[in-house]
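Q: got a predicted structure plus its sequence, pasted below:
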Amino acid sequence: MSQQETQVSLIMIFGATGDLAKRKLFPSLYHLYRKGKLTDQFAVVGVARRPWTNEEFVQHVKNSIENAVGCHEDIDDFASHFYYQPHDVSDTASYQQLKELASELDTKYRLEGNRIFYLAMAPEFFGTIAHHLKGEGLTDTAGFKRLVIEKPFGHDLPSAQELNESLRKAFKEDEIYRIDHYLGKQMVQNIEVIRFANALFEPLWNNRFISNIQVTSSEVLGVEERGRYYEKSGALRDMVQNHMLQMVALLAMEPPIKLTTDEIRSEKVKALRAMRQMEANEVPTYFVRGQYGSGVNGETKVVGYREEPNVDEQSNTETYVGGKILIDNFRWAGVPFYIRTGKRMAAKSTKIVVQFKDIPMNLYYGATKPLSPNLLVIHIQPDEGITLHLNAQRDGSSTETKPVKLSFANNSVDSMNTPEAYEKLLYDCMRGDATNFTHWDEVALSWAFVDKISEYWSSTPASFPNYEAGSMGPKQADELLSNDGFHWWPIDHLDVDKC
Ligand SMILES: NC(=O)C1=CN([C@@H]2O[C@H](COP(=O)(O)OP(=O)(O)OC[C@H]3O[C@@H](n4cnc5c(N)ncnc54)[C@H](OP(=O)(O)O)[C@@H]3O)[C@@H](O)[C@H]2O)C=CC1
Ligand SMILES: O=C1O[C@H](COP(=O)(O)O)[C@@H](O)[C@H](O)[C@H]1O
């Protein structure tokens with residue numbers, strides 16, 4: 001793996017007129033440019049069907065950046081690197097034109113034949129595009145070639161395998177960058193640093209000292225305009241198969257022997273392999289699904305999922321998943337990893353709470369009043385930071401304690417300095433660092449785990465809706481923990497900036 005600090009490459013964005021390109025990709029490239037991480041040796045070719053001219057596309061890029069970033073310094077210089085080709089991705093002949101354009105830009109910007117193909121399109125096109133890129137010779141290049149693909153990577157294990165095989169005909173595994181945008185989040189990347197750079201935590205990071213780990217990713221928004229996609233996906237495929245299991249893998253993995261892509265991925269794969277597989281009849285013991293009904297979002301009344309656009313009025317699709325994952329290895333035997341994610345919940349928040357075991361004896365309150373457990377909270381969003389919940393002496397008392405919090409808040413969150421997930425991931429891809437992208441083995445293991453749940457759920461009708469919009473999900477998810485003697489830590493009391 002060769003990595004440079006400034007980048008020289010041609011970036012082809014398939015789906016360049018779409019939402020992802022507008023909201024995430026153009027602003028991220030602009031940030032990289034402003035930070036000097038993209039030199040003048042780069043060009044971007046946008047591909048989509050709309051019959052736009054170069055000028056219209058450049059204007060669209062500039063508008064996207066102004067809307068997203070609210071800043072336009074150097075924007076003309078930056079946008080002058082953008083080109084557009086109207087092109088239906090299933091049309092073979094258009095790839096010849098694309099190839100010619102790529103060669104011209106290669107020479108004009110001295111790009112050394114380095115090419116990144118970013119597929120910001122619906123997944124049914126991924127195989128076709130990869131096939132044509134190879135067939136029409138766009139991948140025959142003197143420099144590197146890399147394929148960046150968006151989720152969803154398949155719908156289940158067989159479809160993911162099929163997709164992978166079609167991509168592998170044109171690209172090697174180490175040329176495929178599967179995006180999981182959670183892996184670009186600052187505090188998700190920090191999980192490894194917190195664990196492996198602190199003498200305080202690593203010795204305690206096991207079943208002798210940790211009682212349970214809770215990973216929450218809740219959203220206030222409903223399904224919005226994505227009913228058509230979401231009906232087939234549900235929260236299990238949309239969030240659990242990828243983002244939630246990736247966070248679990250980072251929390252559970254063994255320390256890698258080196259911080260290289262292969263070593264880190266190999267430890268994550270081992271953690272995913274150790275997840276206890278369920279038989280169909282065990283699914284209800286470990287997993288709970290929910291679907292939001294109508295309710296209140298702030299002051300506004302909102303409709304239930306079944307009333308959303310493009311959603312079946314009898315829909316069986318889950319908008320919430322709560323689960324208990326057991327990792328059957330020496331480190332984690334007996335420690336539940338609870339996960340929950342859902343739409344139309346009370347707060348937008350992603351947090352990890354590591355709950356430590358109680359000390360063997362409470363000298364302070366006796367048997368009547370238990371000490372608060374020590375918690376390590378990793379705040380992923382919207383606040384970024386770490387809080388350690390400890391017990392200290394209550395003022396004026398030698399026998400009473402009070403909970404105190406040691407907090408680090410990443411206050412440098414501003415639109416130019418704290419890179420967004422996509423910005424980091426794009427930069428990593430340009431540098432050839434695939435650590436924060438998912439390897440095929442991780443994808444396959446995650447699908448195998450999730451498929452068991454979706455097979456069971458698709459064969460048993462759910463009693464939906466079962467949680468009110470604006471709540472924290474169905475009560476059955478509380479029972480998952482209370483059956484084990486635990487409860488969900490309320491995420492709104494854990495905000496780092498409220499400490
Ligand atoms: N939007 C987001 O925030 C996120 C999106 N994703 C994923 O990113 C991908 C893109 O999503 P998004 O941008 O929202 O989708 P959009 O529907 O907004 O955009 C789709 C793009 O594909 C182009 N397109 C469609 N059919 C063809 C065709 N036959 N030939 C050429 N171009 C075509 C469209 O352009 P035109 O109509 O001009 O042809 C448009 O540029 C999806 O896989 C999605 O799951 C993942 C995470 C977040
Ligand atoms: O991948 C997805 O993630 C978003 C949530 O991402 P976040 O960074 O805002 O937490 C989710 O809304 C969407 O349904 C899903 O496809």
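A: Received the coordinates, thanks. Numbering: from 1, shown residues only. Ligands and ions are numbered 1, 2, ... in the order given.

Q: what's in contact with stretch 467-485?
A: 212, 218, 222, 286, 288-297, 302, 304, 320, 322-324, 336, 338, 340, 342, 344-346, 466, 487-488, 490 (Cβ atoms under 8 Å, 6 or more residues apart in numbering). Any C-beta I mention is one placed from the backbone N, CA and C, and that applies to glycine too.

Q: and those, which are buried?
A: Neighbour counting over the contacts of stretch 467-485 (16 or more other Cβ atoms under 10 Å) leaves 212, 218, 222, 286, 288-295, 302, 304, 320, 322-324, 336, 338, 340, 342, 344-346, 466, 488 as the buried ones.

Q: which of the residues you listed fall within helices?
A: residue 286 (DSSP state H).

Q: contact partners for residue 65?
A: 26, 27, 30, 71, 72, 75, 78, 79.

Q: do the same with residue 119
A: Residue 119 makes contacts with 14, 15, 125, 126, 129, 147, 148, 149, 150, as judged by Cβ under 8 Å, 6+ apart.

Q: contacts with ligand 1 among the residues you listed, please.
A: 15, 150 (Cβ under 6 Å from any ligand atom).

Q: name the element the residue of the stretch 301-450 of the chain found nearest ligand 1 belongs to?
A: For the stretch 301-450 of the chain and ligand 1, the shortest gap (Cβ to the nearest ligand atom) falls at residue 422, measuring 9.1 Å. Here residue 422 sits within helix 421-431, counting by DSSP states H and E.

Q: can you map out the helices along the stretch 151-300 of the chain?
A: Using DSSP state H, counting those that start in this stretch, the helices of the stretch 151-300 of the chain run over 157-168, 186-196, 227-235, 245-252, 261-273, 283-286.

Q: most tightly surrounded among those helices?
A: Here the criterion is mean neighbour count by mean count of other Cβ atoms under 10 Å, and of the helices of the stretch 151-300 of the chain the winner is helix 245-252, at a mean of 24.

Q: any residue of that helix up close to ligand 2?
A: No: if you take Cβ under 6 Å from any ligand atom as the test, helix 245-252 misses ligand 2, and the best it gets is 11.1 Å.

Q: now do that helix: distance to the chain's middle.
A: Centroid displacement of helix 245-252 relative to its chain, using Cα atoms, centre = their mean, to the nearest Å, is 11 Å.

Q: can you list contacts of that helix?
A: 180, 182-183, 188, 191-192, 195, 213, 215, 268, 271-272, 274-275, 325, 327, 331-332, 337, 339, 352, 354, 438, 442, 446, 449-450.

Q: what about the contacts of residue 65, which are in strands?
A: Applying DSSP state E to the contacts of residue 65, no entry is found in strands.

Q: taking the contacts of residue 119, please make a PyMOL selection of just the buried ones.
A: A single PyMOL command selects the buried members of those (16+ other Cβ under 10 Å):
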select buried, resi 14+15+126+129+147+148+149+150
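
Q: nearest to residue 108, of the contacts of residue 119?
A: Lowest distance from residue 108 to these (Cβ to Cβ) belongs to residue 14, with 21.2 Å.

Q: distance check, that closest one against residue 98.
A: 10 Å (Cβ to Cβ, to the nearest Å).

Q: ditto for residue 71
A: Relative to residue 98, residue 71 is positioned 31 Å away (Cβ to Cβ).

Q: between those two, which one's more packed in?
A: Set side by side, residue 71 and residue 98 show more neighbours around residue 98, with 20 against 15, by other Cβ atoms under 10 Å.

Q: centroid residue for this protein?
A: Against the mean C-alpha coordinate of the chain, by Cα atoms, centre = their mean, the closest residue is residue 182 at 2.5 Å.

Q: which residue is the nearest non-sequential neighbour of it?
A: Among residues not flanking residue 182 along the chain, residue 243 sits closest, at 4.1 Å (Cβ to Cβ, 6 or more residues apart in numbering).

Q: contacts only, for the one you found.
A: Counting by Cβ under 8 Å, 6+ apart, residue 243 touches 180, 181, 182, 217, 341.

Q: I'd guessed the residue nearest to the centre of the chain sits against residue 242; true?
A: Yes: the pair residue 182 and residue 242 passes the contact test of Cβ atoms under 8 Å, sitting 7.4 Å apart.

Q: got the domain ranges for this protein?
A: Here the domain assignment for the chain is 9-150, 183-416+440-483, based on the TED database.

Q: which of the residues in stretch 301-308 are buried?
A: 302, 303, 304, 305, 306, 308.

Q: equivalent analysis for stretch 121-137, please.
A: By neighbour count on 16+ other Cβ under 10 Å, the buried set for stretch 121-137 is 121, 123, 126, 127, 129, 130, 131, 132, 133, 134, 136.

Q: tell me the confidence at the residue nearest to residue 182?
A: We have a pLDDT of 98 for residue 243.

Q: with that, I have no additional questions.
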